[in-house]
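Participant: below are the sequence and a predicted model for it; my questions follow.
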Amino acid sequence: MLSEWVGSDGEVVGLDIDDAMLAAARQFVDTEGLGYVVLTRDDLFASKLESSSFDLVHARFQIGPLSRGPDQISNHVRLLRPGGRVVLGEWDVSSCHFNPPARALERLVELIGQSFVRSGGDIQAGLKLLDLLRGFGIEGKARAEILALPPGHPYLRLPLQFASALEEQLLSMVAVDELEQLRKEGEAELAEPGRWGTTFTLLQCWGQRAA
C-alpha cells in the first residue's frame with residue numbers, strides 16, 4: 001500500500017535488525033513486484049537514519065514485544081520532518097475469546113500473554129499509545145477493531161501456533177505433559193462444530209509532529 005501511495009516521486013524504506021526477516025521481506029517485495037521500496041538493516045535504538053528525513057513513520061506490533069515505548073517513539077519522532085505523521089498499530093489481547101468457551105485454548109492464550117510479560121513485553125501496549133504520543137507533544141487520534149472469527153477461520157488456531165513458536169518460553173512455566181495436553185485439547189475444541197471467536201483488539205493511533 002505504501003509503495004502505491006508514494007509512486008515514482010517517493011520511496012518506502014523498510015527496516016529490520018534481523019537478516020532473516022529482511023530476506024523474507026526482500027522475497028515478498030520481489031514476488032509482489034513492488035517498486036519504490038528499499039530494505040535496510042538498522043537498529044531502532046541506535047538508528048543511522050538521518051533525522052527529519054521522513055514524511056511518515058509507520059510501526060506495527062513493535063512496542064508490545066519489546067515494551068520500550070518511549071525509546072521507540074523517540075526515534076520515530078526524530079525521523080519525522082516537521083509536519084510529518086507517525087502511525088502506530090498495537091494490540092490489546094483482552095478481547096481474545098472463544099465462544100462457547102474453550103478451556104484449553106484460553107489457557108494457552110493466558111500462558112502466551114504471561115510469556116510476553118516475563119520476557120519484558122506488554123500484552124496491552126495498544127492502550128498506551130495515545131499517552132506515549134502525548135509525551136512527545138503529539139495529540140494523537142485512535143481507532144480500534146476487533147474481528148469476529150467464524151468456525152473454521154485460520155486465526156482461531158493462533159493460540160496453537162504461538163504455543164509452538166514460543167514452546168521454549170512456555171516450558172519454563174508449565175510441564176511438558178501439561179503443554180502437550182493443552183495442545184491436544186485445543187485441537188479437539190477447534191474441531192467442535194460451531195465454535196467461533198474474537199480477535200485481540202487492534203488499536204491504531206496516529207498524530208502529527210509540529211510544523
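Facilitator: Arrived safely, thanks for sending. Residues are numbered from 1 along each chain as shown.
Participant: going forward, measure contacts and count neighbours with C-alpha atoms only.
Facilitator: Fine.
Participant: just checking, Gln208 touches Gly137?
Facilitator: No. Between Gln208 and Gly137 there is no contact under C-alpha atoms under 8 Å: 9.3 Å.
Participant: where does pLDDT dip in this protein?
Facilitator: Residue ranges of the chain with pLDDT under 70: none are present.
Participant: in it, which strand has the most residues?
Facilitator: strand 80-92 (DSSP state E).
Participant: this structure: strands as residue ranges?
Facilitator: According to DSSP E, the chain carries its strands in the segments 12-16, 37-41, 54-60, 80-92, 97-99, 141-145, 148-149, 196-198, 201-208.
Participant: now render those as TSV, adding distance to Arg68 and mean neighbour count.
Facilitator: Converted to TSV, the strands of the chain look like this (distance: least, C-alpha to C-alpha, whole Å; neighbours: other C-alpha atoms under 10 Å):
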stretch	distance to Arg68	mean neighbour count
strand 12-16	16	16
strand 37-41	20	15
strand 54-60	13	17
strand 80-92	13	21
strand 97-99	27	17
strand 141-145	20	13
strand 148-149	30	16
strand 196-198	28	20
strand 201-208	17	21
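Participant: could you give the number of residues near Ala20?
Facilitator: 10 (other C-alpha atoms under 10 Å).
Participant: returning to that earlier point: looking at the strands of the chain, spot the one closest to Leu105.
Facilitator: strand 97-99 (8.0 Å; C-alpha to C-alpha).
Participant: list of residues touching that closest one?
Facilitator: Applying C-alpha atoms under 8 Å, 6 or more residues apart in numbering, the external contacts of strand 97-99 come out as 105-106, 195-199.
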